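In: have a look; sequence and predicted model below, questions after that.
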Amino acid sequence: MTDHSRKHNLEFGLFVLAFGLALALRLLRLGELPLNDNEARLALQALDLTRGIKSGMGPLPAYINLTALVFYAVQASNFAARFVPAVFGALLTTIPYGFRDRLHSKPAILLAFLLAIDPGFLGLSRQAGGPTIAICALLLAWSAWRKSNMRAAGIWAGVALLSGPALWPGILGLIVANGLIRGFFVRESHTADSTNTARRPLLELAAYTAGTYFILGSFFLLASGGLSAGMTGFTAYFSGWLDFTDVQINRLLISLVAYELLPVLLAIAGLLRGIYKKDELTISLGVWLAAALVLCLAYPSKVVADLAWVIVPILVLAARELSVYFVAIKEGAWETIGMAVFTAAILTFAALNYAAIAMTQIDQTATQVRWWVLLGSLGLLVISILMVAFGWSRSTAVQGGLWGTLVVFLAFTFSNAMASADLRTYKTTETWPTSPQIGQSQTLISQMNELSRWKAGTINSLDVNIVGVDSPALLWILRDWPVSVSSGLTLSGSPSIVIASEQFVATSIENTYRGQDLIWRTYPAWNQGLLADWLNWSILHRFPSGEEKLILWVRSDVFIDSQNNP
């Protein structure tokens with residue numbers, strides 16, 4: 001075996017390892033949290049397909065149809081509802097493999113691992129209907145097109161067209177960036193990675209795109225609703241320019257810095273280095289980043305998940321900059337390691353002081369003291385690095401300082417990734433979801449199952465009436481129950497179980513039903529958060545929230561002790 005083949009096999013093995021890591025992180029405890037309303041709305045549409053129910057399809061037919069296939073293969077569950085976005089999120093790590101000719105091997109491998117553990121993509125990949133399908137499909141189509149594989153490019157392009165509104169800010173950002181690059185940085189070498197468009201078999205590309213769109217959009221000729229729903233993704237995105245949400249720009253910027261602190265710092269360093277060296281690829285990535293960020297912040301219907309297209313160029317820039325630091329120690333190995341350990345220790349001390357400020361409610365004087373201690377420790381680190389650089393070895397100081405800093409920031413990034421993926425030991429509050437969190441759903445369904453066993457001998461057997469609660473998440477957890485929904489706040493008949501909103505006037509049933517209130521939705525008060533709340537969230541990922549309750553009413557004769565009543 002030649003050295004070249006060994007190197008290729010090693011690189012391929014590292015890409016496989018990155019994919020395996022990404023898939024494991026995305027599938028771990030995937031179905032533990034309940035689906036929120038937006039997730040459940042899409043999952044119910046996929047479930048209707050498996051049951052042969054013709055219902056209106058939303059603007060994400062790729063997710064709905066692929067998830068319906070998963071439901072066909074396995075039982076519908078929270079895990080199955082999130083499985084397709086999780087797989088596409090893991091496939092993101094394979095994209096750098098197709099861009100090795102531009103990125104080079106080392107940055108491409110580092111980019112694959114950054115994509116695997118990135119807090120933003122990890123959190124978004126674990127949401128039903130998230131933007132990962134659109135991002136992955138479009139980038140895979142681009143990668144295949146660059147390699148002149150028109151069949152694969154057409155298939156992925158067809159999937160992308162069915163992926164919903166999240167596709168179009170990506171396309172628009174690339175178009176704007178390409179126009180700016182051609183307008184201000186015109187060079188002959190700019191199009192070196194693509195052949196003459198006129199010579200490409202565009203008809204083959206179009207045929208495979210249309211074929212994939214038709215077959216997947218029509219659910220393999222079983223349901224045609226996805227064909228029109230695919231086009232609604234286009235109209236849904238651009239109609240969003242006429243609508244406004246309550247998501248403020250500061251929430252997006254705080255989320256970007258909090259989740260992507262290390263990639264952002266590396267991207268800034270890479271941009272400065274690339275602009276100084278007039279590196280064309282770095283400048284192109286910077287223009288793409290600027291275009292994506294402006295489009296994200298200017299979009300009136302903005303949500304935090306829109307940052308996904310901003311994160312892509314940030315991670316590419318970060319991987320290229322990170323590759324500069326991964327060089328062999330030429331001299332003074334132990335000294336460099338010692339400098340790295342010292343740097344990591346000082347930064348850890350500073351981080352502990354920051355955590356104490358963010359997590360504890362202490363008086364203003366003590367807070368100021370901790371801030372001064374934090375700044376003093378950072379100053380001590382800078383002075384120490386300068387002393388080692390001028391008194392010992394510049395390479396030891398720089399390389400050891402960089403490695404120690406990377407260790408601490410990688411630990412912080414991985415901690416944020418665990419929070420973003422809801423893999424911490426406690427329930428966290430994240431900015432990525434576009435719908436309120438669901439509260440005591442497990443308590444609700446477990447109590448109802450117990451009541452059904454007592455009364456009917458099996459679970460999911462009692463008739464349920466929902467009054468005044470508009471929640472797809474509630475319909476999702478009751479998908480196997482005989483459920484009826486009352487219009488308004490009027491109860492019809494005397495069902496075994498009534499699930500009602502707090503506004504339901506219960507005086508007419510209090511004599512024949514027993515009730516218990518449960519927390520159903522929690523609404524983080526993002527727009528009312530104070531600086532102390534954001535500092536606390538940056539460490540614990542907890543935020544002050546409001547609550548919406550529902551009431552579980554059960555007819556008295558359902559209870560096991562009803563036979564003992566006089």
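Out: Structure received. Residues are numbered from 1 along each chain as shown.
In: which of the helices or strands spans the residue positioned nearest the centre of the chain?
Out: Among the residues of the chain, the one closest to the centroid is Leu124, at 1.3 Å (Cα atoms, centre = their mean). Element membership for Leu124, per DSSP states H and E: helix 119-125.
In: could you pull out the strands in the stretch 451-566 of the chain for me?
Out: 464-467, 483-486, 497-501, 513-524, 545-555 (DSSP state E, counting those that start in this stretch).
In: could you say what helices and strands the third one packs with?
Out: Using 3 or more Cβ pairs under 8 Å, 6 or more residues apart in numbering; DSSP states H and E as the contact criterion, the neighbours of strand 497-501 among helices and strands are helix 441-456, strand 464-467, strand 545-555. Any C-beta I mention is one placed from the backbone N, CA and C, and that applies to glycine too.
In: what does it rub up against?
Out: Contact partners of strand 497-501, identified using Cβ atoms under 8 Å, 6 or more residues apart in numbering, comprise 444, 448, 451, 462-469, 474, 489, 491, 506, 509, 513, 550-555, 558.
In: try it again at 7 Å.
Out: Here strand 497-501 makes contact (Cβ atoms under 7 Å, 6 or more residues apart in numbering) with 448, 462, 464-469, 474, 491, 513, 550-554.
In: that strand to helix 441-456, inter-axis angle?
Out: With axes from the mean of the first three to the mean of the last three Cα atoms, to 10 degrees defining the directions, strand 497-501 sits at 150 degrees from helix 441-456.
In: for the fourth one, same thing?
Out: Our comparison of strand 513-524 with helix 441-456, counting by the same axes, to 10 degrees, yields an angle of 160 degrees.
In: return the most buried member of the helices and strands packed on strand 497-501.
Out: Burial of these is given as mean neighbour count (mean count of other Cβ atoms under 10 Å); strand 464-467 ranks first at a mean of 22.
In: show me what the lowest-mean-pLDDT helix or strand in the chain is packed against.
Out: Here the helix or strand of the chain ranked lowest by mean pLDDT, DSSP states H and E is helix 225-239, holding a mean of 84. With contacts defined as 3 or more Cβ pairs under 7 Å, 6 or more residues apart in numbering; DSSP states H and E, helix 225-239 has these neighbours: helix 61-73, helix 167-184, helix 202-217.
In: was I right to think Ala134 contacts Val159?
Out: No: taking contacts as Cβ atoms under 7 Å, Ala134 lies outside contact range of Val159: 8.9 Å.
In: who has more neighbours out of these two?
Out: A direct count of neighbours by other Cβ atoms under 10 Å for Ala134 and Val159 places Ala134 higher, at 29 against 25.
In: let me see the contact set for the residue nearest to Ala207 when sequence neighbours are not counted.
Out: In space, not counting the residues next to it along the chain, Ala207 is nearest to Gly154; the distance is 6.7 Å by Cβ to Cβ, 6 or more residues apart in numbering. Contact analysis of Gly154 by Cβ under 7 Å, 6+ apart lists 204-205, 207-209, 212.
In: ok, those residues vs Gly240, which is closest?
Out: For the contacts of Gly154, the closest approach to Gly240 (Cβ to Cβ) belongs to Thr209, at 24.7 Å.
In: related to what we said a few turns ago, just put the helices and strands packed on strand 497-501 in TSV and tack on distance to Ala344 and mean pLDDT.
Out: TSV is the format used below for those (distance: least, Cβ to Cβ, whole Å; pLDDT from 0 to 100):
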stretch	distance to Ala344	mean pLDDT
helix 441-456	40	93
strand 464-467	54	94
strand 545-555	35	94
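In: using a markdown table, lay out the ones you listed together with distance to Ser55.
Out: Converted to a markdown table, the helices and strands packed on strand 497-501 look like this (distance: least, Cβ to Cβ, whole Å):
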| stretch | distance to Ser55 |
| --- | --- |
| helix 441-456 | 23 |
| strand 464-467 | 17 |
| strand 545-555 | 24 |
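In: of all these, which lies closest to Trp309?
Out: strand 545-555 (28.2 Å).
In: on that earlier part again, so the least confident helix or strand of the chain versus helix 167-184, what angle?
Out: Angle of helix 225-239 versus helix 167-184, following the same axes, to 10 degrees, is 50 degrees.
In: report how many residues lie close to Ala351.
Out: Using other Cβ under 10 Å, Ala351 has 17 neighbouring residues.
In: over to Arg29?
Out: Neighbour number of Arg29 under other Cβ under 10 Å is 11.
In: that one: what secondary structure?
Out: coil (DSSP: H, G, I helix; E, B strand; the rest coil).
In: am I right that it is in contact with Leu423?
Out: Yes: with contact defined as Cβ under 7 Å, Arg29 reaches Leu423; the gap is 6.3 Å.
In: so what's the closest residue to Ile497 other than its chain neighbours bridging to?
Out: Of all residues beyond its chain neighbours, the one nearest Ile497 is Val464 (4.6 Å), with distances taken as Cβ to Cβ, 6+ apart. Under the criterion DSSP bridges, Val464 forms beta bridges with Val483, Ile497.
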